[in-house]
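Trainee: Build me a model from this:
(one chain, ligands or ions: 1)
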Amino acid sequence: MKLRGLLFALLGIGCTAYTPLSDKSLNSLPGPGSDFDIHNGALLAPILTVRVPGTPTHEGVMHHLAGFFREQLPDWKLEWQNSTSTTPATGDKQVPFRNLIATRDPPWAREGDVGRLALVAHYDSKLTPTGFIGATDSAAPCAMILHAARSLDKALTKKWAAMEADGSAGIDEETGIQILFLDGEEAFSSWTDTDSLYGARSLSETWEKTMHPAPSTYKTLLSSITLFMLLDLLGGANPTIPSYFATTHWAYRAMASLEHRLRSAGRFKSSPNHISKRSPDAERVTEPRWLIHGDKQDNQGSLAFMVEDDHIPFMARGVEVLHMIPSPFPAVWHRIEDDGAHLDPDTVEDWSTLVIAFAAEWMDLEGFIDTGFVTREENAGSGKGRREMEGKSELTNPS
Ligand SMILES: *[C@@H]1O[C@H](CO)[C@@H](O)[C@H](O)[C@H]1NC(C)=O
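Mentor: Numbering: from 1, shown residues only. Have a look, this model is predicted:
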């Protein structure tokens, strides 16, 4: 992605209508275990390799991402969206770009009626410098999203089964979730409108033209995306994330509130107040937040720079975007040092927890997350999302 020196501050209106996660649910979100280990973690390690489109190691990562869903999350619908293009670095050769899309919708819903939360990261890596692995850019975000999909899967199954059982299926708006692993984000030589965002440009163009059969709530595949949450350059210590867009500042604030709650609950491993980082009798220190504009009513005056990234062709077509990218960029940005060793493992894990929490609220999963205990909600049975539950494994634990 590229920084563009554009001042960005608009007034916006937002709304939120979902049930916040309870403390108990928040404290029960599953960690990744050793799956983010940079040497042999099942999710992250296979992505920490060169991923230049059209090369065998890129192909290997494609298989890793698709294989994960095929083997572990069979209820997700997998699709490829492919295109080819020449690039300034590869002459007349048509370089293949392949976006991987994994979707989970309510089982009864007609496709055109489902609005989806999209969790998005690019999985390609930059051609130069030679050997560049792009650990924050965006190997770690891809691994976070895999873990998030896995962590939400069982609770989604449980929620939708309960809705079918109690007759509430099909009454409200239909909400689904979609993972977009985009290809060809990076420029092959230097960033221009045509040398960058190969996958995102192709997917947004194609989906804008792909109509759902009438009558449908959403006219096209593109308009089915109700929020495009893009993760990029994440995994280094101490990021600061401004609120980039007025119209999604409300969603940014929902995420900021979850960050705050996870920190207060001692769930943030990267926090100086985490149990692993201070002696039990030491006072809590004031800790910096990642989402620095969480207390602002709007994003006016946040002075965020416009960043050119995969959201651009989607946003240009009217898609709402929540951009989780640090400003300033990490010091290792586009340098050979953006490798596994420069990731902060606690930060990678904390990001994944935060993303899971945000998506769980968006999907209204309160009451369906395994808290590991028999719980009896005071209002059990009084409404959707509040049910007695017992036993384990609404959320999948990493094996
Ligand atoms: C798109 O690419 C994937 C991955 O290489 C391949 O499996 C699939 O068959 C391709 N789809 C089309 C329509 O060419």
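Trainee: Counting neighbours, which bits of the top helix by length along the chain end up buried?
Mentor: Scanning the chain for the helix with the most residues, using DSSP state H, yields helix 140-166. Within helix 140-166, the residues that count as buried by 16 or more other CB atoms under 10 Å are 140-156, 158-160, 162-163. Placement of C-beta: from N, CA and C, glycine included.
Trainee: what residues are up against the most centrally placed residue in the chain?
Mentor: Nearest to the mean C-alpha position of the chain, by CA atoms, centre = their mean, lies L119 at 3.6 Å. When contacts are counted by CB atoms under 8 Å, 6 or more residues apart in numbering, L119 touches 145, 148-149, 177-180, 229, 231, 355, 359.
Trainee: closest to the ligand among those residues?
Mentor: In terms of CB to the nearest ligand atom, no member of those lies closer to the ligand than L180, at 14.8 Å.
Trainee: ok, now how distant is T226 from V114?
Mentor: In this view, T226 and V114 are 9 Å apart by CB to CB, to the nearest Å.
Trainee: what is in contact with the two at once?
Mentor: T175.
Trainee: contacting residues for L231?
Mentor: Neighbour list for L231: 119-121, 138, 141, 144-145, 324-325, 351, 355 [criterion: CB under 8 Å, 6+ apart].
Trainee: Let me have these in TSV, extended by pLDDT and secondary structure.
Mentor: Converted to TSV, those look like this (pLDDT from 0 to 100; DSSP: H, G, I helix; E, B strand; the rest coil):
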residue	pLDDT	secondary structure
L119	98	strand
V120	98	strand
A121	98	strand
S138	98	helix
P141	98	helix
M144	98	helix
I145	98	helix
M324	98	strand
I325	97	coil
W351	98	helix
V355	98	helix
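Trainee: Tabulate the residues you listed (a markdown table), appending distance to D35.
Mentor: Output for the contacts of L231, formatted as a markdown table (distance: CB to CB, whole Å):
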| residue | distance to D35 |
| --- | --- |
| L119 | 17 |
| V120 | 20 |
| A121 | 16 |
| S138 | 17 |
| P141 | 14 |
| M144 | 10 |
| I145 | 13 |
| M324 | 20 |
| I325 | 23 |
| W351 | 14 |
| V355 | 15 |
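Trainee: of the residues you listed, closest to R335?
Mentor: S138 (15.1 Å; CB to CB).
Trainee: What residues are bridge-paired with the residue lying closest to the closest one once chain neighbours are set aside?
Mentor: Leaving out its chain neighbours, the residue that sits closest to S138 by CB to CB, 6 or more residues apart in numbering is A121, at 4.5 Å. Legend: beta-bridge partners of A121 under DSSP bridges are F181.
Trainee: All the strands of the stretch 251-399 of the chain, residue numbers only.
Mentor: With DSSP state E, counting those that start in this stretch as the criterion, the stretch 251-399 of the chain has strands at 304-308, 321-324.
Trainee: The residue in the chain sticking out farthest from the centre and the ligand, how far apart?
Mentor: Centroid-distance maximum for the chain: D281 at 36.3 Å, with CA atoms, centre = their mean. Distance check for D281 against the ligand: by CB to the nearest ligand atom, to the nearest Å, it reads 56 Å.
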